[in-house]
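1. quick one, fold the following:
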Amino acid sequence: MSDTPDHIDLAPGLNISRLVCGLWQVADLEKDGDLLDPQETAPRLAAYAEAGFDSFDMADHYGSAELITGALLANSPKDTPIRAFTKWCPEPGPMTPQIVRTGVQERLDRLGVDAVDLLQFHWWSFEDSRWLDAMHELEKLRDEGLIKAIGVTNFDAAHLALALEEGIKIVSNQVSFSLVDRRAAGPLSALCAQYGIKLLAYGTLCGGFISEKWLGKPEPLEITDWSRMKYKRFIDTAGGWDAFQTLLATADAIAKKHGVSLSNVASRWVLEHASVAATIIGARITEAEHRASNLNVFKFALDAEDYAALDAAFAHMTPVPGDCGDEYRKPPFLTASGDLSHHLSSIALVNPAVKDPNLADRARVFSGSQWEPLAGYCRAIRVGDRILVSGTTATHGADHAVAPNDAGAQATYILDKIIGAIRAHGAGPEHVVRTRIYLVDVEDCEAVSIAHGRFFSEVCPANTLLQVAKLVGPYRVEIEAEAILPA
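-> Predicted coordinates for the structure are as follows:
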């Protein structure tokens, strides 16, 4: 067994440890307002780097994590191969070149570097399509040399595909992936295989719940740290404590067979997925570290018998619904704080409804398309309790045609735009009662239908799908919708 973690090329010139040290613990330690001293804390990270755990993951909201890593970089020999990944998670709003540059520059300043090794982008609500503006600006900053590689975090397969069709050169997607949360093994992994993208898996040990410590133990009634609060919600959603105990017992039996820990089995299962570059483990800053134990993950491989046993345990569980990242954007909100609807509802509307000055029962939403003032129509009009959405194409801003060669990606963008418009009238996807879809090529039927199903499989509105000879502009699909507000 190697004395250091295995490494992998995430991108040309970006060789990383397959066990990445996550620094989310910093935010938890500082949540009461007492900040860690970067100069005092950095040596604790240096011990990881010296042991070959030389890749560190953080974010703009992980307290002082960037400053601590900056101190580590400043105090380390220049030839020490330390990789620093960070995330930029802005509130949805205008993503002008200056706003994006400022966000990236703050990461550079806090890390004390000229270029970020991996800048990962998170967006709270895809109904605000300005995330595309941000990603195109990040591309420019990468070309300028301020970013070495671009990643995303908590993107589902559909929106990752949309970004790729827009020409964004993405190398990684950081998502939840574990024996409990297996969503990433589905469409997202298939997309990664198609485009050569790698996953950075977090939550692999469910905040420490996937360990011998919890095997055979009663369900905890009080949880004080953020990480366990979050992953207890995943366990509840995936079938509850009894099903989880069955999973732990199965993993424990496999661990004993190979002479490793239960946690090693959980990490190994994730690392053996071809789409996964690395798992993210917590860097222990104030607690005992487990570097030697973590290295055991490279000591063995799971065999067919192990996979069959785990599959049998999975059969007792309920799959976590939706796709990766849904936990931040729709129920069930599987985060430390639980229901995030208050946060999402506080995000400013991109295009607020404008009341009709003459007819009190009417209001309109305009999306900024160049055709709306020219042809004299709006994106969505509310008349009483009815909301009627005009035929909508994948037009970003005034005139940019999104993903012109991919009808599925266009449908995803369109449906985000439609839901954003009806939200401006106080409705949501659950209020949609009718959709109509127009295709120029019937071969696109499946891809567009899959996109429609992602939005409406629980609502099941009436739907009509037609093939037409041509649409105006470089579009493969156009969609209209109708919603009715509750009385």
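
2. low-scoring stretches of the stretch 1-150 of the chain, by residue?
-> 1-2 (pLDDT under 70).

3. and the helices in it, which stretches?
-> 25-29, 38-50, 65-75, 97-111, 131-144 (DSSP state H, counting those that start in this stretch).

4. residue 224: which of those helices is closest?
-> Distance to residue 224, taken as CB to CB, is lowest for helix 25-29 among these, at 9.8 Å. Using the backbone N, CA and C atoms, a C-beta is placed for each residue, glycine as well.

5. just to revisit the earlier point, now the helices of the stretch 1-150 of the chain in JSON lines, with distance to residue 170 and mean neighbour count?
-> As requested, those are arranged in JSON lines below (distance: least, CB to CB, whole Å; neighbours: other CB atoms under 10 Å):
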{"stretch": "helix 25-29", "distance to residue 170": "25", "mean neighbour count": "19"}
{"stretch": "helix 38-50", "distance to residue 170": "26", "mean neighbour count": "17"}
{"stretch": "helix 65-75", "distance to residue 170": "22", "mean neighbour count": "23"}
{"stretch": "helix 97-111", "distance to residue 170": "16", "mean neighbour count": "17"}
{"stretch": "helix 131-144", "distance to residue 170": "8", "mean neighbour count": "19"}
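
6. can you put those helices in CSV and add distance to residue 221?
-> As requested, the helices of the stretch 1-150 of the chain are exported to CSV (distance: least, CB to CB, whole Å):
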stretch, distance to residue 221
helix 25-29, 20
helix 38-50, 32
helix 65-75, 31
helix 97-111, 39
helix 131-144, 39
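
7. just the strands from the stretch 351-487 of the chain, written as ranges.
-> Taking DSSP state E, counting those that start in this stretch as the criterion, the stretch 351-487 of the chain carries its strands at 354-355, 362-365, 380-383, 386-392, 395-396, 400-401, 432-439, 462-467, 477-484.

8. go through the helices of the stretch 1-150 of the chain and name the closest to residue 215.
-> For these, proximity to residue 215 was assessed by CB to CB; helix 25-29 is nearest, at 23.4 Å.

9. on contacts alone, who are the packing partners of the closest one?
-> The contact analysis (3 or more CB pairs under 8 Å, 6 or more residues apart in numbering; DSSP states H and E) places helix 25-29 against helix 65-75, helix 226-237.

10. what residues does that helix touch?
-> Counting contacts by CB atoms under 8 Å, 6 or more residues apart in numbering, the residues outside helix 25-29 that touch it are 36, 58, 61-65, 68, 225-227, 282-286.

11. ok so, going back, check the strands of the stretch 351-487 of the chain for me and report the most buried one.
-> Per residue and on average, the most neighbours among the strands of the stretch 351-487 of the chain fall to strand 477-484, with a mean of 23 (mean count of other CB atoms under 10 Å).

12. neighbouring contacts of that one?
-> With contact meaning CB under 8 Å, 6+ apart, strand 477-484 is reached by 385-394, 407, 410-411, 414-415, 418, 422, 425, 427, 431-440, 444, 448, 452, 461, 471.

13. so how far is residue 204 from the residue lying closest to residue 235 once chain neighbours are set aside?
-> When the adjacent residues along the chain are set aside, residue 235 lies closest to residue 244, with 4.9 Å between them (CB to CB, 6 or more residues apart in numbering). Note on residue 244: its distance to residue 204, by CB to CB, to the nearest Å, is 15 Å.

14. same question, residue 444
-> In this structure, residue 444 and residue 204 are separated by 37 Å, where distance is defined by CB to CB.

15. tell me which of the two has more neighbours.
-> Residue environment comparison for residue 444 versus residue 204 gives the larger neighbour count to residue 204, 26 against 19, counting by other CB atoms under 10 Å.

16. what helix or strand is that one located in?
-> Taking DSSP states H and E as the criterion, no element holds residue 204; it sits outside all helices and strands.

17. quick one on the thing from earlier: would CSV of the helices and strands packed on helix 25-29 with distance to residue 263 be doable?
-> Supplementary listing: the helices and strands packed on helix 25-29 in CSV, determined by distance: least, CB to CB, whole Å:
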stretch, distance to residue 263
helix 65-75, 23
helix 226-237, 13
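
18. mind putting the strands of the stretch 351-487 of the chain into JSON lines with distance to residue 122?
-> As requested, the strands of the stretch 351-487 of the chain are exported to JSON lines (distance: least, CB to CB, whole Å):
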{"stretch": "strand 354-355", "distance to residue 122": "31"}
{"stretch": "strand 362-365", "distance to residue 122": "26"}
{"stretch": "strand 380-383", "distance to residue 122": "28"}
{"stretch": "strand 386-392", "distance to residue 122": "26"}
{"stretch": "strand 395-396", "distance to residue 122": "20"}
{"stretch": "strand 400-401", "distance to residue 122": "23"}
{"stretch": "strand 432-439", "distance to residue 122": "27"}
{"stretch": "strand 462-467", "distance to residue 122": "32"}
{"stretch": "strand 477-484", "distance to residue 122": "27"}
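
19. so for residue 17, which of the ones you listed sits nearest?
-> Among the strands of the stretch 351-487 of the chain, the nearest to residue 17 by CB to CB is strand 395-396 (37.5 Å).

20. can you tell me what sits against stretch 228-243?
-> For stretch 228-243, contacts defined as CB under 8 Å, 6+ apart pick out 176, 178, 180-181, 203, 206-209, 219-220, 223, 244, 316-321, 332, 334-338.

21. give me the buried positions along it.
-> If you call a residue buried by 16 or more other CB atoms under 10 Å, then stretch 228-243 has these buried ones: 228-235, 237-239, 241, 243.

22. now for these, which pair is the farthest apart?
-> Every pair of the buried residues of stretch 228-243 checked by CB to CB; the farthest is 229 and 243, at 19.4 Å.

23. ok so, going back, give me the buried entries from the contacts of helix 25-29.
-> With neighbours counted using 16+ other CB under 10 Å, the contacts of helix 25-29 contain these buried positions: 36, 58, 62-65, 68, 226-227, 282-283, 285.

24. ok, residue 165 - contacts?
-> Under the criterion of CB under 8 Å, 6+ apart, the contact partners of residue 165 comprise 402-403, 405-406, 409.

25. switch the cut-off to 6 Å
-> When contacts are counted by CB atoms under 6 Å, 6 or more residues apart in numbering, residue 165 is found next to 403, 406, 409.

26. same deal with residue 332?
-> The neighbourhood of residue 332, defined by CB under 6 Å, 6+ apart, consists of residue 237.

27. per-residue confidence at it?
-> What the model reports for residue 332 is a pLDDT of 74.

28. cool, residue 342 as well?
-> Per-residue confidence for residue 342 comes out at a pLDDT of 56.

29. can you list the low-confidence ranges for the stretch 301-450 of the chain?
-> Along the stretch 301-450 of the chain, the model assigns pLDDT under 70 to residues 336-346.

30. tell me where the stretch 151-300 of the chain has helices.
-> Using DSSP H, counting those that start in this stretch, the helices of the stretch 151-300 of the chain run over 157-165, 187-195, 226-237, 241-258, 262-271, 291-295.

31. now stretch 425-440 - C-alpha only, PDB.
-> Extracted in PDB, the C-alpha atoms of stretch 425-440 (Å, rounded to 0.1, in the frame of the first residue of the first chain):
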ATOM      1  CA  HIS A 425     -47.100  36.100 -11.000                       C
ATOM      2  CA  GLY A 426     -47.100  34.200  -7.700                       C
ATOM      3  CA  ALA A 427     -47.400  30.700  -9.100                       C
ATOM      4  CA  GLY A 428     -45.100  27.800  -9.500                       C
ATOM      5  CA  PRO A 429     -44.700  24.600 -11.600                       C
ATOM      6  CA  GLU A 430     -47.300  22.900  -9.400                       C
ATOM      7  CA  HIS A 431     -49.900  25.400 -10.900                       C
ATOM      8  CA  VAL A 432     -49.200  24.600 -14.500                       C
ATOM      9  CA  VAL A 433     -52.200  22.900 -16.200                       C
ATOM     10  CA  ARG A 434     -51.400  23.000 -19.900                       C
ATOM     11  CA  THR A 435     -48.200  22.900 -22.000                       C
ATOM     12  CA  ARG A 436     -47.700  22.900 -25.800                       C
ATOM     13  CA  ILE A 437     -44.500  21.900 -27.500                       C
ATOM     14  CA  TYR A 438     -43.500  22.600 -31.100                       C
ATOM     15  CA  LEU A 439     -40.600  20.700 -32.600                       C
ATOM     16  CA  VAL A 440     -38.900  21.100 -36.000                       C
END
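
32. I appreciate the help and will end here.
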